[in-house]
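Undergrad: Turn this into a model:
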Amino acid sequence: MAPIDILFFTVPIPREVPGFLPSYPSAFFPCLGAFHFIDCGIANTMFAGVENRLFFIRKEHAKHFGVYAQTDNVPFTPVFMEKEREKSLLDYLAGKKKGKVILYNLSAACLVESRQLMDTAENCGEGLIRISVDYLPSDIYIASADYLLRIINAHPQFMETLFSELLPAYSDQMEEIEGKVIFFSNIANFMNVHLEMINWKNSEKFLENLHKISRLVKQEDAFIAESGEVKGSLIFSGTRIDGSVENSCIFPGVHIGEGSRISNSIIMNGHRIGKNVSISNTLVFPHFGENLAGATIGSDSTLGSDLSKAANRNYPKQITRGLTVIGTNVKIPRKVIIEPGCLIGPTADEGSFRGKSKIYKGSTLNPVGDISA
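TA: Numbering: from 1, shown residues only. Below you'll find the predicted structure:
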């Protein structure tokens, strides 16, 4: 069998998907509690016959890949993309000439049966195959190096549309692989998958390869105080629970303040929830700030509700069925009410809420404080 190369790309999350911070590399967005999108990509390609794993990245994102350079069992080769980033890929393909390549977009996340992916790569012909998972088209493609080179040679400046237009247009067959979609540009699905994960019956089958990836990540115990209570939930490393959590996922490094109640929600990395906060049916994106002073979600605030089916008026396909979304690096002041179906845009802070103690159902609050109705 000819060796297979895996080509990973750090492509921005589509603009029509709200909540993400454009400057943060999507490959390192958290998922499944202790992992990131890139972990899913590596785990899905942990099979024999892989000669190279190449990460086509921008230099400003290089520091985020440092931990993978130290990974014991995953070979790592960064390919920095400068102004002529198309040339980086063309030079590689011209040198490769023969053999199969798997192109993998790290702005999406799924877990697949890696053996099936390997078999598909081994047995595919000369065309371009697109992989589907849960019968949804993924951004994982398989092609021969020379066939891919012929395609992209005909399309100068192809990198901007590689996954959005070029590869979908040239793929001539779809191959279904058993797996679980984590994020395919739909945050409602991202929310549901994490809540379903609490009761996944076959989760170990897909999580097994994730646990094989050894990374130099500090693990800390989770702590549940005497005042804390956890029911039917997943809590991860470094969390502290002084309030109550029910049917929710609490990602690493989160602190839930005394008297606060979290239900049917996902609280992602780094947040400090004040006292007497109520959070229901809400997806709280991570806060990547370091050495945070005070709460990121202020005391006596109320976010979301389990009793509404409201949709966001700006993003009705993404934020629906009463879901409330708090974007990346948001800081919410004390005594704020955020009703169902709302979006608080990434990087919104206390100043964005000035004069706004209540964000009404289905609204969007942008970082500058403007409300889109």
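Undergrad: Where does the prediction get shaky in the chain?
TA: For the chain, residues meeting the criterion pLDDT under 70 lie at 1, 66-86, 200-207, 209, 212-219, 290-292, 369-373.
Undergrad: how does it divide into domains?
TA: Domains of the chain are assigned by automatic domain parsing as 4-212, 219-373.
Undergrad: thinking residue 222 is in contact with residue 240, fair?
TA: Yes: in this structure, residue 222 is within contact of residue 240 by C-beta atoms under 8 Å, at 7.5 Å. No exception for glycine: its C-beta is placed from N, CA and C like everyone else's.
Undergrad: where exactly do the helices run in this protein?
TA: For the chain, the helices defined by DSSP state H occupy 37-44, 66-69, 85-96, 114-123, 145-153, 167-170, 187-196, 203-212.
Undergrad: Next, format the ones you listed as JSON lines and append mean neighbour count.
TA: Output for the helices of the chain, formatted as JSON lines (neighbours: other C-beta atoms under 10 Å):
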{"stretch": "helix 37-44", "mean neighbour count": "25"}
{"stretch": "helix 66-69", "mean neighbour count": "15"}
{"stretch": "helix 85-96", "mean neighbour count": "16"}
{"stretch": "helix 114-123", "mean neighbour count": "17"}
{"stretch": "helix 145-153", "mean neighbour count": "17"}
{"stretch": "helix 167-170", "mean neighbour count": "17"}
{"stretch": "helix 187-196", "mean neighbour count": "18"}
{"stretch": "helix 203-212", "mean neighbour count": "15"}
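Undergrad: so which of the ones you listed comes closest to residue 136?
TA: Proximity to residue 136 (C-beta to C-beta) singles out helix 187-196 among these, at 9.1 Å.
Undergrad: so how far is stretch 147-160 from its chain's centroid?
TA: 27 Å (C-alpha atoms, centre = their mean, to the nearest Å).
Undergrad: Could you tell me the end-to-end distance of it?
TA: Stretch 147-160 has an end-to-end distance of 20 Å (C-alpha to C-alpha, to the nearest Å).
Undergrad: is residue 105 in a bridge, and if so with what?
TA: Beta-bridge partners recorded for residue 105 (DSSP bridges): residue 9.
Undergrad: and the gap between it and residue 322?
TA: 30 Å (C-beta to C-beta, to the nearest Å).
Undergrad: if we can go back for a sec, nearest to residue 7, of the helices of the chain?
TA: helix 85-96 (7.6 Å).
Undergrad: Summarise which helices and strands the closest one is packed against.
TA: The contact analysis (3 or more C-beta pairs under 8 Å, 6 or more residues apart in numbering; DSSP states H and E) places helix 85-96 against strand 4-9, strand 50-57, strand 77-80, helix 145-153.
Undergrad: Tabulate the ones you listed (a markdown table), appending distance to residue 306.
TA: Supplementary listing: the helices and strands packed on helix 85-96 in a markdown table, determined by distance: least, C-beta to C-beta, whole Å:
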| stretch | distance to residue 306 |
| --- | --- |
| strand 4-9 | 38 |
| strand 50-57 | 41 |
| strand 77-80 | 45 |
| helix 145-153 | 48 |
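Undergrad: Of all these, which one is nearest residue 294?
TA: Comparing the helices and strands packed on helix 85-96 by C-beta to C-beta, strand 50-57 comes nearest, at 34.1 Å.
Undergrad: Quick one: residues contacting residue 96.
TA: Going by C-beta atoms under 8 Å, 6 or more residues apart in numbering, residue 96 touches 5, 145.
Undergrad: repeat that for 6 Å
TA: For residue 96, the contact set (C-beta atoms under 6 Å, 6 or more residues apart in numbering) comprises residue 145.
Undergrad: Then residue 120?
TA: residue 175 are the contacts of residue 120 under C-beta under 6 Å, 6+ apart.
Undergrad: Residue 106 too?
TA: Applying C-beta under 6 Å, 6+ apart to residue 106 gives the contacts 8, 10, 27, 37-38, 41.
Undergrad: Can you add distance to residue 326 and give the helices of the chain back as a markdown table?
TA: Formatted as a markdown table, those follow (distance: least, C-beta to C-beta, whole Å):
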| stretch | distance to residue 326 |
| --- | --- |
| helix 37-44 | 20 |
| helix 66-69 | 27 |
| helix 85-96 | 33 |
| helix 114-123 | 34 |
| helix 145-153 | 39 |
| helix 167-170 | 32 |
| helix 187-196 | 11 |
| helix 203-212 | 26 |
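Undergrad: Can you tell me which of the ones you listed is nearest to residue 339?
TA: Using C-beta to C-beta, the nearest of the helices of the chain to residue 339 is helix 187-196, at 17.3 Å.
Undergrad: ok, and what's touching that closest one?
TA: Contacts of helix 187-196 (C-beta under 6 Å, 6+ apart): 182-183, 249, 266, 283, 318, 320.
Undergrad: make it 7 Å
TA: Residues outside helix 187-196 that contact it (C-beta atoms under 7 Å, 6 or more residues apart in numbering) are 17, 19, 181-183, 247, 249, 264, 266, 283, 318, 320, 323, 325.
Undergrad: How about the contacts made by residue 179?
TA: Counted by C-beta under 7 Å, 6+ apart, residue 179 has contacts 110-113, 133-134, 206.
Undergrad: Which of these are buried, as a PyMOL select command?
TA: Provided next is the PyMOL selection string for whichever of the contacts of residue 179 are buried by 16 or more other C-beta atoms under 10 Å:
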select buried, resi 110+111+112+113+133+206
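Undergrad: which residues touch residue 265?
TA: Contacts of residue 265 by C-beta under 7 Å, 6+ apart are 248, 279-282, 284.
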